[in-house]
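Peer 1: I need the structure of the sequence given here:
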Amino acid sequence: MRRLMLLRHAKTEHDAPSGQDQDRRLDDRGRLDAAAIGGWIGRHLPLPDMVLISTAVRTQQTWEIVREAMQDAAKDFAPPQAEFLAELYGADPTHLLQIIRMAEATDPKRLMVIGHNPGMHELALALSGSGDAAAKKALNDNLPTSGLAILDFAIEDWNEVAFRRGNLVRFTSPKLLRQTSDD
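Peer 2: Prediction:
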């Protein structure tokens, strides 16, 4: 069994001072939302063993805040291995799937990917073959900033991850967390 957690970066400023999209930083709401989703992850074990993060500023900032919130929420927190990958920026679902399959080299049981739309949303939809109906409906609409899709795969090796083979266990976002008492 392998678990994949797909997390879209938190909300950002509209334009970076440099004018480069990759340099966009989190805004105030983004910082709060990243902390909220990180705290939720920390309270809903198991935690990821490895995290793959886009090299864009906003994904790096999202990871730092999520990691701190996970640490604050989880007992006996052991930080997961983190790897920053430039190829996650702007990747389409097929390329993202190839990157996930390469996790076979380190073989984490639970892998988190922090990236960007539209690729992350399209990947989550493409991987979801079964799962919670309400989660699938909510995910179908959008993978918002700080949105998290959790999929389980009945596989022994990351190389076996394939479209429509995932079981969507959970979909949540800071907005959904505010609407429910699910903390």
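
Peer 1: and H95, what is it in contact with?
Peer 2: H95 is in contact with E87, G119, counting by CB atoms under 8 Å, 6 or more residues apart in numbering. Heads up, the C-betas are built off the backbone N, CA and C, glycines and all.

Peer 1: nope, T172 is what I was after
Peer 2: So T172 contacts I37, W40, G147, L148, D182 (CB under 8 Å, 6+ apart).

Peer 1: close enough to count as contact, L26 and K11?
Peer 2: Yes. With contact defined as CB atoms under 8 Å, L26 reaches K11; the gap is 6.8 Å.

Peer 1: quick one, which of those two is more surrounded?
Peer 2: Neighbour totals were compared for L26 and K11, and L26 leads with 25 against 20 (other CB atoms under 10 Å).

Peer 1: how about the nearest residue to F171, chain neighbours excluded?
Peer 2: Spatial nearest neighbour of F171, chain neighbours left out: A135 (3.9 Å); criterion: CB to CB, 6 or more residues apart in numbering.

Peer 1: Which single one of the contacts of T172 is nearest to R165?
Peer 2: L148 (19.5 Å; CB to CB).

Peer 1: Quick check: phi and psi on that closest one?
Peer 2: phi -130, psi 120 (degrees, to the nearest 10).

Peer 1: Local confidence estimate at it?
Peer 2: What the model reports as pLDDT for L148 is 98.

Peer 1: List the residues that contact it.
Peer 2: L148 neighbours (CB under 8 Å, 6+ apart): M5, L6, L7, R8, I37, W40, I41, R170, F171, T172, S173.

Peer 1: State the distance from it to D33.
Peer 2: Counting by CB to CB, to the nearest Å, the separation of L148 from D33 is 11 Å.

Peer 1: Spit out the residues that contact the two alike.
Peer 2: Joint contacts of L148 and D33 (CB under 8 Å, 6+ apart) are S173.

Peer 1: S128: how many residues sit nearby?
Peer 2: 23.

Peer 1: A133: neighbouring residues, count only.
Peer 2: Count around A133 with other CB under 10 Å applied: 9.

Peer 1: P17 reaches D23, doesn't it?
Peer 2: Yes. With contact defined as CB under 8 Å, P17 and D23 form a contacting pair (7.4 Å).
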